[in-house]
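**Student:** from the sequence below, what's the structure:
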Amino acid sequence: MAQRHVDAPAALPGDNAALLKRTEVRISMSDGIRLAGDLYLPAQDGRHPLIIEMTPYGKRSPLSFVNERFYWTAQGYALLIVDIRGRHESEGQFGFMRDGPDGRDVVEWAAAQSWSDGQVGMRGASYSGTIPWLTAKLKPPHLRCINANASGADFFSGPPYMGGAFMQEWALGWIANFTVPRTAPAVPVNYEKPVVFRPLMTADVAAHNIELPTYREFLSHPRFDNYWRTITLTKKDYQRITIPVLAFTGWFDGTLPGTVQHYRNMKRYSSAANDQFLIVGPWQHETVSDGGWDFETGDRVSKVGDLTLPPQAFLSGQRITTEFFDWCLKGKARPIAASARTYLTGANRWVEASDYAKVGSDKLLYLASGNEARQGQLADSMPVGGETRYIFDPANPVPSYLTTGGARQTLASRPVDISTQLNRSDVLTFTSAQLSAAMTVLGQVSIELFAASTAKDTDFVVRLEDVAPDGTAIKLGSANGGVLRTRYRKGFDREVLLTPNRIERMTINLGDIGHQFAVGHRLRISITSSAYPMISINPNTGKSIASDMSTPVKAIQTIYFGNKQASRLILPVSPGKAP
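**Tutor:** Residues are numbered from 1 along each chain as shown. The predicted model follows:
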């Protein structure tokens, strides 16, 4: 067997039970509910610093960090993995992201145990990577630092809503996968007939023959109300959090927006701003914590979408995390690392900065007319006034996947060639001239769109692509595209319907992107009004998305450019070589 690469995560020993002691524990919460946990201790007796993970997926599931139990105990740490409330062996009722108070109780319980030295950190990824933030805002006295990877923050810019549009495929998949008891693998949901899933509120039964309470709860709160406010950190919360944070994410990780938002807000508001560490690699959701490596095989996950990553694209995630915990839990030397480390696809190199939010400056590219009605230009200067339009038919949505060789490949979070989708009559494209010099984009990309619709409510979906000289168009970003459900154009806490045919200025966030466009390449944006089933189809009626059963209506969408309606792409561009 080939020797495992030094940067790969440590292998799980086949039979080394003697290396540690596992104890099943029951932890009482302040309201009397008991949570179930597995405690792993180093072989040597004594008091140890502790790492906690709280997970909805099962404390012995490979979706938790249970495979690291041998590694952390060998490093001298106790490891405690806990089933969250209402999941698996823990008592109580599950509530989406309502785990902060329990996190505080678990931290303080653990700090008081005879095997603990009182130095407690938290580790997690995805859902379990969000719980450390919900815990930290309550300031448990013994929580010294958190490693919060791939975490959620703004639930209207990532699951379960994106730009106000309901993420139907994610919700029906994620909720069912971890709440529906199964004796066999789940049958893939057939989205071929969207009408089956109307009204949207009952699509859980159509897909899985069972009601999913969390799914229906999401749809019952389509605005940013108190349901979401209680689990969303505020400026005051970030000011109260004064501990070091290490966060891993990826340019192709669907939770990139939340992870970066937490970092930006800590750099802006926290007195621990200098103790924040962000790493963004060219990775997808599953591999970010390990720096792009496959934990089980120890191999690099070199193929991401249509990109092939070189060796320098991978970091030793486990070693970086160990250095972080050794510093904040054991009092060892502070890691010698920049606050932000980001990888530039296209350039295939890492960028280091003291503050990721301050790396680039904005460059504007204006939408302009072209030689064909649906194929416009991205211009460096303000064009003459003009407009172009397309018809969005809810009965014929643009799919959020590609079909090649009879197999589906989702576009969400993957850098794939979408050139075959651009020939549809309901997709507009705007393409720049060939670049005479490389252009580095690093940061949050957005588009200011002047548009009108014949509908009272509709969607706009915008993608940014890198177009190679051979016509290949690689979609960039951590999602299927930037999305706006227009009833939320004035904020996610209210619904304001459109006045048909009235021009509106709308800002659509395309998310954070780290990419260098090469000489001879072009930038392109594509604009459409659907990405199904990633986001639910907007029937264009203006009625409640969850309960609407009226006949969907076609909408004529008009995009304006030049003069006072200068639609424009806003790019955070780093001049010359990025720092």
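
**Student:** G386 and G562 touch, don't they?
**Tutor:** Yes - checked against CB atoms under 8 Å, the pair G386 and G562 is within contact range at 5.7 Å. The way it works is simple: take the backbone N, C-alpha and C, and place the C-beta from them, glycine included.

**Student:** need the overlap of contacts for those two.
**Tutor:** Taking CB atoms under 8 Å, 6 or more residues apart in numbering as the contact rule, G386 and G562 both touch A368.

**Student:** so for the two, which residue has more residues nearby?
**Tutor:** Shown here are G386 and G562; by other CB atoms under 10 Å, G562 has more neighbours (19 against 16).

**Student:** end-to-end on stretch 292-302?
**Tutor:** 8 Å (CA to CA, to the nearest Å).

**Student:** let me see the ranges of the strands in the stretch 151-300 of the chain.
**Tutor:** 157-158, 161-162, 165-166, 245-252, 276-284 (DSSP state E, counting those that start in this stretch).

**Student:** using a markdown table, please lay out those strands together with distance to Q377, mean pLDDT and mean neighbour count.
**Tutor:** A markdown table is the format used below for the strands of the stretch 151-300 of the chain (distance: least, CB to CB, whole Å; pLDDT from 0 to 100; neighbours: other CB atoms under 10 Å):
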| stretch | distance to Q377 | mean pLDDT | mean neighbour count |
| --- | --- | --- | --- |
| strand 157-158 | 29 | 86 | 22 |
| strand 161-162 | 28 | 96 | 28 |
| strand 165-166 | 28 | 98 | 24 |
| strand 245-252 | 26 | 98 | 27 |
| strand 276-284 | 29 | 98 | 25 |
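
**Student:** any stretches of the stretch 51-200 of the chain with poor pLDDT?
**Tutor:** Low-confidence segments of the stretch 51-200 of the chain, defined by pLDDT under 70: 181-186.

**Student:** still on that earlier bit, would you list the strands of the stretch 151-300 of the chain in CSV and tack on distance to Y215?
**Tutor:** Converted to CSV, the strands of the stretch 151-300 of the chain look like this (distance: least, CB to CB, whole Å):
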stretch, distance to Y215
strand 157-158, 17
strand 161-162, 13
strand 165-166, 10
strand 245-252, 26
strand 276-284, 24
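
**Student:** among those strands, which is nearest D459?
**Tutor:** For D459, the closest of the strands of the stretch 151-300 of the chain is strand 165-166, at 5.8 Å, according to CB to CB.

**Student:** where do the helices of the stretch 1-150 of the chain begin and end?
**Tutor:** Assigned by DSSP state H, counting those that start in this stretch, the stretch 1-150 of the chain shows helices spanning 69-74, 100-111, 127-136.

**Student:** check which residues of the helix or strand of the chain with the lowest mean pLDDT are buried.
**Tutor:** Lowest by mean pLDDT, DSSP states H and E among the helices and strands of the chain is strand 407-410, with a mean of 76. By 16 or more other CB atoms under 10 Å, the buried positions in strand 407-410 come out as T410.

**Student:** what does stretch 348-366 give?
**Tutor:** Buried-residue list, stretch 348-366, by 16+ other CB under 10 Å: W350, V351, A353, D355, Y356, A357, V359, G360, L364, L365, Y366.

**Student:** once you drop chain neighbours, what's closest to the fifth one?
**Tutor:** So that's Y356. Spatial nearest neighbour of Y356, chain neighbours left out: A340 (3.6 Å); criterion: CB to CB, 6 or more residues apart in numbering.

**Student:** over to M549?
**Tutor:** Excluding its sequence neighbours, the residue lying closest to M549 (CB to CB, 6+ apart) is P199, at 5.4 Å.

**Student:** packing partners of the least confident helix or strand of the chain?
**Tutor:** When contacts are defined as 3 or more CB pairs under 8 Å, 6 or more residues apart in numbering; DSSP states H and E, strand 407-410 packs onto strand 401-404.

**Student:** give me the contacts around the strand it packs on.
**Tutor:** Strand 401-404 has contacts (CB under 8 Å, 6+ apart) with R408, Q409, T410, L411, V416, I418, T420, Q421.

**Student:** residues contacting the closest residue to D355 other than its chain neighbours?
**Tutor:** Among residues not flanking D355 along the chain, K267 sits closest, at 5.6 Å (CB to CB, 6+ apart). Contact partners of K267, counting by CB under 8 Å, 6+ apart, are A273, Q276, S339, D355, Y356, A357.

**Student:** name the SS class of the last one, please.
**Tutor:** The assignment at A357 comes out as helix when based on DSSP: H, G, I helix; E, B strand; the rest coil.

**Student:** so it touches T342, yeah?
**Tutor:** No - A357 is beyond contact range of T342, at 11.3 Å (criterion: CB under 8 Å).

**Student:** list the contacts of the residue minimising distance to the centre of the chain.
**Tutor:** For the chain, T255 is the residue whose C-alpha lies nearest the centre (CA atoms, centre = their mean; 1.4 Å). For T255, the contact set (CB under 8 Å, 6+ apart) comprises S126, G129, A150, S151, G152, G158, P159, T249, H285, S478.

**Student:** run the last query once more with 7 Å
**Tutor:** By CB atoms under 7 Å, 6 or more residues apart in numbering, the contact set of T255 is S126, A150, S151, G152, G158, T249, H285.

**Student:** before we move on, back to that, how much space separates the residue nearest to D355 from Q276?
**Tutor:** Distance of K267 to Q276, computed by CB to CB, to the nearest Å: 6 Å.

**Student:** likewise W293?
**Tutor:** Counting by CB to CB - W293 and Q276 are separated by 24 Å.

**Student:** and for E192?
**Tutor:** Going from E192 to Q276 by CB to CB gives 46 Å.

**Student:** ok, now R98?
**Tutor:** Taken as CB to CB, the span from R98 to Q276 is 26 Å.

**Student:** so what's the residue nearest to Y356 bridging to?
**Tutor:** Assessed by DSSP bridges, A340 has beta-bridge partners L278, A353.

**Student:** A353 is in contact with that one, correct?
**Tutor:** Yes - A340 is within contact range of A353, at 4.7 Å (criterion: CB atoms under 7 Å).

**Student:** what sits in contact with each of these two?
**Tutor:** With CB under 7 Å, 6+ apart as the test, A340 and A353 reach no residue in common.

**Student:** pLDDT below threshold where in the stretch 301-450 of the chain?
**Tutor:** In the stretch 301-450 of the chain the weaker segments, taking pLDDT under 70 as the threshold, are 360, 405-406.

**Student:** now the strands for it?
**Tutor:** 303-304, 307-308, 340-344, 349-353, 361-372, 375-379, 386-392, 401-404, 407-410, 428-431, 439-453.

**Student:** show me what the longest one is packed against.
**Tutor:** Read it as strand 439-453. strand 340-344, strand 459-467, strand 504-517, strand 555-561, strand 568-574 (3 or more CB pairs under 7 Å, 6 or more residues apart in numbering; DSSP states H and E).

**Student:** which one of the ones you listed lies closest to R240?
**Tutor:** Ranking the helices and strands packed on strand 439-453 by proximity to R240 (CB to CB) places strand 340-344 first, at 22.8 Å.
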